[in-house]
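Participant: Just a sequence and a predicted model for now, questions to come.
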Amino acid sequence: MSKNISFDNTEIAFSGMSNADLNRAYWLFKIININFFVKVGPPITNAAIKIGLPVAPLIRATIFKQFCGGESINDCAKTIAHLGKYHIGTILDYSVEGESKEEVFEATANEIISTIHRAKGDANIPFSVFKVTGVARFGLLEKLDAKAELTFEEKKEFERIKDRVRRICQTAYDANVRIFMDAEESWIQESIDQLSLDMMREYNKEKVIVYNTYQYYRHDRLEALKRHDAMLASEGIMMGVKLVRGAYMEKERERAIEMGYPSPINPDKKSTDKEYDDALTYCVENIHRIAICAGTHNENSSRHLLNLMAEKNIPANDQRIYFSQLLGMSDNLSYNLANAGYNVAKYVPYGPVKSVLPYLFRRAQENTAIAGQMGRELGLILKEKRRRG
């Protein structure tokens, strides 16, 4: 079955887009494809907001509309229904970043819990998601990873973090909603791994509720995945795994040079691709105890997973395997996979326009860094524009 899927079928890929949507996406990707604009855009936009220029409406009508579902959970209803019409699930992603106050962490935890309540019983929302730094201070996680001694106050602060994470996962368990814990920078990832493993021990005894995320631009994550799996398997715990290539590559390299330690990043794209595909192979070979979400915009890796499923006679709609892409990107994968009966879900970021800007800028920067990604998006859009005449 997998061999019949064409990721070049633009009629299916853009079936959810009107001509106006297609034109907006075309101009947006054209601009993102120009590295200069991606580099100067964030500081100019931030400066404009600071001095009170009305840039929010422009952002809302362009980049925000392409990549976000709305400013609130309720705003996302239209996107959820629209994707659902094409058998594509929604993962509501509250994308407010870079906060540091306890009251904001509490509010964020409550917002994540609200996404779980919204997902409960709704087949169109198969997962919820959160970043640990949304509910925890980055500096404390950094200290934990460095194995530094915590002060009495910091120990209390860490207990509050664990409590928030547990409340989120307990809500997910009670609602029977699977939840992703996103991966972050390498120098706080060990603490996140530990929290995710602890949550799996509590909530993945009978079925997979909690998923940890592994970034394969790092050369040590396949080994970490196997180590974590062996540990959980020996305790009779099932594992949830989201596989991504990663989102912090430039920052990782810069920090390694600055601080004089070996870079955790693979030397080249070929190595990253191999690590990713090897991780997919490992997970499918252990599908009896591992549930997978392949978060990828890479056609070869998507095809690799399709072939693995075919080899193992795993049905397209087996709930243990999902494909996932970001809203507004790689519709050629999402829509063609869903059309062929595979499980697909889009990450749908939401939040106040100004608060979501760091997320949007990072996405633009990441995607210009991926060789050919924007050109590929543009080429497919052009192909569809021509097909429609």
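Facilitator: Happy to help now that I have it. Owing to the predicted nature of the structure, the values given are computational and were not obtained by experimental measurement.
Participant: now the helices: where do they sit in the stretch 251-389 of the chain?
Facilitator: When assigned using DSSP state H, counting those that start in this stretch, the helices of the stretch 251-389 of the chain occupy the ranges 269-285, 299-311, 331-339, 353-369, 373-388.
Participant: And the second one, what's buried?
Facilitator: By that I understand helix 299-311. Within helix 299-311, the residues scored as buried using 16 or more other C-beta atoms under 10 Å are 301-306, 308-309. In this view, the C-beta of every residue, glycine as well, is placed from N, C-alpha and C.
Participant: I'd like the residues you listed as JSON lines, with pLDDT and distance to Gly375 appended.
Facilitator: Listed next are those as JSON lines, based on pLDDT from 0 to 100; distance: C-beta to C-beta, whole Å:
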{"residue": "Ser301", "pLDDT": "97", "distance to Gly375": "19"}
{"residue": "Ser302", "pLDDT": "97", "distance to Gly375": "18"}
{"residue": "Arg303", "pLDDT": "97", "distance to Gly375": "20"}
{"residue": "His304", "pLDDT": "97", "distance to Gly375": "22"}
{"residue": "Leu305", "pLDDT": "98", "distance to Gly375": "24"}
{"residue": "Leu306", "pLDDT": "98", "distance to Gly375": "24"}
{"residue": "Leu308", "pLDDT": "98", "distance to Gly375": "28"}
{"residue": "Met309", "pLDDT": "98", "distance to Gly375": "29"}
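Participant: Redo these as a markdown table? Include distance to Gly16.
Facilitator: Shown next, in a markdown table, are these (distance: C-beta to C-beta, whole Å):
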| residue | distance to Gly16 |
| --- | --- |
| Ser301 | 23 |
| Ser302 | 19 |
| Arg303 | 22 |
| His304 | 26 |
| Leu305 | 23 |
| Leu306 | 22 |
| Leu308 | 28 |
| Met309 | 25 |
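Participant: Which of those lies at the shortest distance from Asn336?
Facilitator: Ser302 (9.3 Å; C-beta to C-beta).
Participant: Which residue comes closest to the closest one once chain neighbours are left out?
Facilitator: Leu333 (5.6 Å; C-beta to C-beta, 6 or more residues apart in numbering).
Participant: For Ile113, give me its contacts.
Facilitator: Residues in contact with Ile113, defined by C-beta atoms under 8 Å, 6 or more residues apart in numbering, are 167-168, 171.
Participant: Just to be sure, it is in a helix?
Facilitator: Yes. Assessed by DSSP: H, G, I helix; E, B strand; the rest coil, Ile113 belongs to a helix.
Participant: Would you confirm that Lys354 contacts Ala56?
Facilitator: Yes. With contact defined as C-beta atoms under 8 Å, Lys354 reaches Ala56; the gap is 6.6 Å.
Participant: if we can go back for a sec, top of the contacts of Ile113 by number of neighbours, please.
Facilitator: Neighbour counts for the contacts of Ile113 (other C-beta atoms under 10 Å) peak at Ile168, which has 26 neighbours.
Participant: quick one: it and Ser196, what's the gap?
Facilitator: Distance of Ile168 to Ser196, computed by C-beta to C-beta, to the nearest Å: 12 Å.
Participant: same check, this time on Asn23
Facilitator: Counting by C-beta to C-beta, the gap from Asn23 to Ser196 is 42 Å.
Participant: who has more neighbours, the two?
Facilitator: More crowded of Asn23 and Ser196, by other C-beta under 10 Å: Ser196, with 25 against 13.
Participant: Summarise which helices and strands the host helix or strand of that one is packed against.
Facilitator: With secondary structure defined by DSSP states H and E, Ser196 is part of helix 186-203. Contacts defined by 3 or more C-beta pairs under 8 Å, 6 or more residues apart in numbering; DSSP states H and E place helix 186-203 against helix 138-145, helix 152-175, strand 178-181, strand 210-215, helix 221-234.
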